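>>> here are the coordinates; sequence isn't available:
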């Protein structure tokens, strides 16, 4: 099953359990049972069926989380720097937010700031429901998140063919090709999950970001004049897109 396909449930109790876990990203097994006021036997049975059907995972610590295909862990070494590209896990939340904040401190990237705000507020990386699909890929060095690519799809029928992507690498690790690997991984995921077009919007003053995307085949499709106000000054928004 593609990650994007919404799971269906034979019993309303299983829908309730899945919704609770999806909303929080990861939930302690016993806390979830108590929140839903189910007895031990009933809750255990429904969780077992959700795990069997591939809707949920149960971690080694016993917590529940939404199941998804994580894909391969890719390893690269450039200029004596070994980095990994992989799909993000809930444990990466703090590191990913930190990487986004670090990146947006040195270059204007309003969409990425918004992503960081939302993820930090929700305390959840993964979204997989009837309204929204959201997934992240991260680059790590010695286990620390140094870059990210986030893909967000809108499941409303008229927008279900498009996805939004943000990508960035902290300053210290730029120039190693990490951003390119993350971009390829994010766009590849979108293509594999049925999206036709991927968008990214950046302030016109972030020339490096626009040039990076154009170097990878993206095109400027629209310009919204004065859409942003940065340091008190109006700044145009560049909307770039690529077909997948």
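That came in fine, so what should we check first? As the structure is a prediction and not an experimental result, all values here were calculated from the model. Numbering: from 1, shown residues only.
>>> give the next helix or strand downstream of the helix or strand bottoming out on mean pLDDT in the chain.
Using mean pLDDT, DSSP states H and E, the weakest-scoring helix or strand in the chain turns out to be strand 127-128, at a mean of 76. Next along the chain after strand 127-128, taking DSSP states H and E as the criterion, comes strand 132-141.
>>> what residues of that next one count as buried?
Within strand 132-141, the residues that count as buried by 16 or more other CB atoms under 10 Å are 133-141. Glycine gets a C-beta too; all of them are placed from N, C-alpha and C.
>>> next one: stretch 235-244
235, 237-238, 240-242, 244.
>>> and stretch 52-61, by the same measure?
55-56.
>>> where in this structure is pLDDT low?
1-7, 68-70, 155-159 (pLDDT under 70).
>>> show me where this structure has strands.
For the chain, the strands defined by DSSP state E cover 26-27, 56-58, 64-66, 74-78, 81-87, 127-128, 132-141, 144-154, 162-169, 197-203, 219-230, 233-243.
>>> which secondary structure elements does the second one contact?
Spelled out, that is strand 56-58. Counting contacts by 3 or more CB pairs under 8 Å, 6 or more residues apart in numbering; DSSP states H and E, strand 56-58 packs against helix 12-24, helix 40-52, strand 64-66.
>>> ranking those by burial, who's on top?
strand 64-66 (a mean of 22; mean count of other CB atoms under 10 Å).
>>> how far off centre is that strand?
Using CA atoms, centre = their mean, to the nearest Å, the distance from the centre of strand 64-66 to the centre of the chain it belongs to is 16 Å.
>>> now stretch 108-127
Relative to the mean C-alpha coordinate of its chain, stretch 108-127 is positioned 9 Å out (CA atoms, centre = their mean).
>>> do the same with stretch 191-206
13 Å.
>>> now that stretch: buried residues?
Judged by neighbour count (16+ other CB under 10 Å), stretch 191-206 contains these buried residues: 193, 195, 198-206.
>>> do stretch 149-156 as well
Buried residues in stretch 149-156, defined by neighbour count with 16+ other CB under 10 Å: 149-154.
>>> make CSV out of those and add distance to residue 93.
CSV is the format used below for these (distance: CB to CB, whole Å):
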residue, distance to residue 93
149, 15
150, 12
151, 16
152, 16
153, 20
154, 22
